[in-house]
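**Q** Okay, structure incoming, though there's no sequence with it:
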């Protein structure tokens with residue numbers, strides 16, 4: 001019964017988080033946005049004390065139920081492991097292995113060091129929620145969007161507009177490559193060894209494992225009933241049951257209840273086991289490890305606070321290229337580039353929710369896969385605050401729509417050699433007409449005869465929304481582009 005309850009809850013969470021990451025309309029966030037904000041590392045980075053304490057307390061009482069019901073990457077591993085076990089002769093294929101303590105705490109220590117030193121994008125490679133988010137956004141989302149477009153095509157033929165087509169395009173080749181490698185690695189480990197990734201690499205598993213050593217409720221083996229058949233040991237995907245001495249390594253046990261369901265003699269019960277760690281796991285070293293890892297994670301978060309396009313006829317229009325920006329443009333609500341870089345774990349939730357196709361994963365090695373703004377397919381509308389509403393890490397803090405239109409994230413820069421008004425004497429003025437803040441004026445160019453008019457940017461009024469860059473007709477590079485600023489400010 002407990003196993004069925006666990007599977008039911010895990011299924012709901014897995015479907016909800018996946019749907020949230022795939023939803024390009026932004027509708028589901030008002031109902032499912034909380035599923036992203038109760039993930040452990042995002043809660044720690046955003047200094048959400050209530051959720052962090054609640055998750056640690058739940059682990060102390062129930063064991064690592066977070067890993068088996070809430071964490072999407074953990075549930076994905078269970079799915080892959082289950083598929084592997086369905087092969088003929090591959091059921092009950094596991095066996096007890098000793099804890100690789102040096103590897104678990106070594107990886108966790110490196111994770112903390114990367115957070116403290118500002119290499120958050122590197123730490124994000126093994127952060128479970130963000131890793132799963134990237135896989136969904138980079139690998140599954142294109143298939144989902146193509147399916148949506150097919151339904152839109154069919155519906156349109158039936159005079160229905162229940163669906164609408166959306167562009168499917170490659171936002172970042174680096175993100176796709178990293179996501180593919182992560183998916184293959186995690187899947188292979190799960191196919192062969194169940195929860196190997198969780199109990200050797202994942203920093204969340206290490207932290208919660210140190211807490212679950214002392215959990216009040218846990219599976220317990222009754223030696224008087226156990227016949228030593230090893231069925232529980234062979235069915236344990238965490239490889240943490242040692243039937244030789246009738247013990248369970250509770251730091252690796254994810255409370256999946258599979259062993260209880262498998263035991264034919266009722267020798268394993270999930271029950272109150274009292275305070276303190278189980279005898280075989282009660283070591284001062286494990287307690288010190290937990291305090292060190294958890295303290296370092298919280299401390300690091302505190303430190304961080306510091307297709308072909310055509311014109312109206314049939315002529316092909318060259319696609320725009322991304323200009324080289326000295327400083328990347330990050331969303332309003334980030335506060336500063338440094339704060340954004342420290343907090344963002346590249347989960348890609350904001351990328352999937354951006355209705356204007358402005359956010360995309362960075363290709364810069366210093367901020368690899370962290371979202372940045374670019375304006376080849378749209379601009380950041382002053383009335384849109386979607387990214388600030390969905391970010392679970394505190395990298396983009398919630399802002400009101402009225403406040404958004406007063407936050408400066410960059411400044412438009414004019415490039416004379418790219419401007420058709422300057423080089424060809426064409427009367428254009430697109431950038432000035434579409435600037436929502438009136439920060440661009442067209443003035444007569446004294447260097448060019450014939451009354452040519454060129455844009456002049458008022459840097460104090462410019463917000464860096466990218467409307468001018470988006471509407472500029474120059475190809476392949478816009479004649480005006482947005483340069484980011486290190487510290488955002490209100491104007």
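**A** Alright, I've got the coordinates. Since the model is a prediction, treat every value here as computed from it, not as a measurement. Numbers count the residues shown, from 1 in each chain.
**Q** Moving C-terminal from the strand or helix carrying residue 233, which element do we reach first?
**A** According to DSSP states H and E, residue 233 maps onto helix 231-235. Next along the chain after helix 231-235, taking DSSP H and E as the criterion, comes strand 241-242.
**Q** just checking, what packs against that next one?
**A** helix 231-235, strand 247-248 (3 or more Cβ pairs under 8 Å, 6 or more residues apart in numbering; DSSP states H and E). C-betas here are computed from N, CA, C, even on glycine.
**Q** about what we covered before: residues in contact with the helix holding residue 233: which ones?
**A** Helix 231-235 is touched from outside by 91-96, 221, 241-243, 258-259, 262-264, 267-268, with contacts defined as Cβ atoms under 8 Å, 6 or more residues apart in numbering.
**Q** and what of stretch 55-68?
**A** 6, 10, 38, 40, 43, 74-75, 78, 195, 198, 204-205, 208-209, 211-212, 214-218, 250, 253-256, 294.
**Q** Those residues in helices, which ones?
**A** 6, 10, 40, 43, 74-75, 78, 198, 204-205, 208-209, 211-212, 294 (DSSP state H).
**Q** Just the buried subset of the contacts of stretch 55-68, written out for ChimeraX, thanks.
**A** A single ChimeraX command selects the buried members of the contacts of stretch 55-68 (16 or more other Cβ atoms under 10 Å):
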select :6,10,38,40,43,74,75,78,195,198,204,205,208,209,211,212,214,215,218,250,253,254,255,256,294
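**Q** now this protein, which segments are flagged as low pLDDT?
**A** The model of the chain has pLDDT under 70 over residues 275-317, 449-451.
**Q** Three-state assignment for residue 482, please.
**A** Classification of residue 482 by DSSP: H, G, I helix; E, B strand; the rest coil places it in strand.
**Q** Look up how far residue 58 lies from the spatially most central residue of the chain.
**A** The residue lying closest to the centre of the chain (Cα atoms, centre = their mean) is residue 347, at 1.2 Å. Residue 347 sits at a distance of 22 Å from residue 58 (criterion: Cβ to Cβ, to the nearest Å).
**Q** what's the answer for residue 193, then?
**A** 26 Å.
**Q** Which of these two has more residues huddled nearby?
**A** It is residue 193, of residue 193 and residue 58, that has more neighbours when counted by other Cβ atoms under 10 Å, with 21 against 18.
**Q** tell me the contacts of the residue lying closest to the more buried one once chain neighbours are set aside?
**A** Spatial nearest neighbour of residue 193, excluding adjacent residues (Cβ to Cβ, 6 or more residues apart in numbering): residue 239 at 7.1 Å. Contacts for residue 239 were tallied using Cβ under 8 Å, 6+ apart; they are 94-97, 193-195, 199, 252.
**Q** Format these as TSV; extra columns: distance to residue 417.
**A** Shown next, in TSV, are the contacts of residue 239 (distance: Cβ to Cβ, whole Å):
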residue	distance to residue 417
94	65
95	68
96	69
97	64
193	58
194	59
195	58
199	58
252	62
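**Q** could you flag which of those are buried?
**A** Counted by 16+ other Cβ under 10 Å, the contacts of residue 239 give 94, 96, 193-195, 199, 252 as buried.
**Q** how long is stretch 371-391 from one end to the other?
**A** Using Cα to Cα, to the nearest Å, one end of stretch 371-391 lies 11 Å from the other.
**Q** To clarify, my last question referred to stretch 368-387.
**A** Stretch 368-387 end-to-end distance (Cα to Cα) = 19 Å.
**Q** for that stretch, which positions count as buried?
**A** 368-376, 378-382, 384-387.
**Q** Could you do stretch 51-64 as well?
**A** 51-52, 55-56, 58-60, 62-64.
**Q** Out of these, which comes closest to residue 114?
**A** For the buried residues of stretch 51-64, the minimum distance to residue 114 (Cβ to Cβ) is 19.4 Å, reached by residue 52.
**Q** show me what contacts the nearest residue in space to that closest one that is not next to it in sequence?
**A** If you skip the residues right next to it in sequence, residue 52 has residue 43 as its closest partner in space, 4.8 Å away by Cβ to Cβ, 6+ apart. Residue 43 makes contacts with 37, 51-52, 55, 392, as judged by Cβ under 8 Å, 6+ apart.
**Q** Kindly reformat those residues as JSON lines and extend each row with distance to residue 360 and secondary structure.
**A** Listed next are those as JSON lines, based on distance: Cβ to Cβ, whole Å; DSSP: H, G, I helix; E, B strand; the rest coil:
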{"residue": "37", "distance to residue 360": "23", "secondary structure": "helix"}
{"residue": "51", "distance to residue 360": "29", "secondary structure": "helix"}
{"residue": "52", "distance to residue 360": "30", "secondary structure": "helix"}
{"residue": "55", "distance to residue 360": "31", "secondary structure": "helix"}
{"residue": "392", "distance to residue 360": "19", "secondary structure": "coil"}
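**Q** Let me know how buried residue 148 is, in neighbour terms.
**A** Residue 148 has 18 nearby residues by other Cβ under 10 Å.
**Q** go on, residue 398?
**A** Considering only other Cβ under 10 Å, residue 398 is surrounded by 12 other residues.
**Q** Roughly how far does it sit from residue 40?
**A** Distance from residue 398 to residue 40, by Cβ to Cβ: 20 Å.
**Q** rewinding a little: specify which member of the buried residues of stretch 51-64 is nearest to residue 424.
**A** residue 51 (57.4 Å).
**Q** what about the residue nearest to the closest one when sequence neighbours are not counted, distance to residue 16?
**A** Excluding the flanking residues, the one nearest residue 51 by Cβ to Cβ, 6+ apart is residue 43, at 4.1 Å. With distances taken as Cβ to Cβ, residue 43 is found 17 Å from residue 16.
**Q** Which parts of the stretch 1-150 of the chain are helices?
**A** For the stretch 1-150 of the chain, helices defined by DSSP state H, counting those that start in this stretch occupy the ranges 2-22, 29-32, 34-37, 40-45, 49-62, 65-69, 72-85, 101-116, 120-123, 128-135, 141-157.
**Q** According to the record, where do the domains of the chain fall?
**A** 2-296, 307-490 (automatic domain parsing).
**Q** ok so, going back, list the contacts for the residue nearest to the centre of the chain?
**A** So residue 347 contacts 36, 42, 124, 129-130, 133-134, 392-393 (Cβ under 8 Å, 6+ apart).
**Q** what about it, distance to residue 265?
**A** Per Cβ to Cβ, residue 347 is found 44 Å from residue 265.
**Q** next one: residue 340
**A** Distance from residue 340 to residue 265, by Cβ to Cβ: 56 Å.
**Q** Tell me which of the two has more neighbours.
**A** Between residue 340 and residue 265, counted using other Cβ under 10 Å, residue 340 has the larger neighbour count: 26 against 11.
**Q** buried ones in stretch 110-122?
**A** 111-112, 114-116, 118-122.
**Q** Number of residues surrounding the nearest residue to residue 426 once chain neighbours are set aside?
**A** Spatial nearest neighbour of residue 426, excluding adjacent residues (Cβ to Cβ, 6+ apart): residue 420 at 4.6 Å. Per other Cβ under 10 Å, the neighbour tally for residue 420 reads 16.
**Q** contacting residues for residue 420?
**A** 426, 428, 473-474, 479.
**Q** go on, residue 198?
**A** 67, 74, 77, 205, 238, 254.
**Q** Which two among the buried ones among the contacts of residue 239 are spaced furthest apart?
**A** 96 and 195 (13.2 Å).
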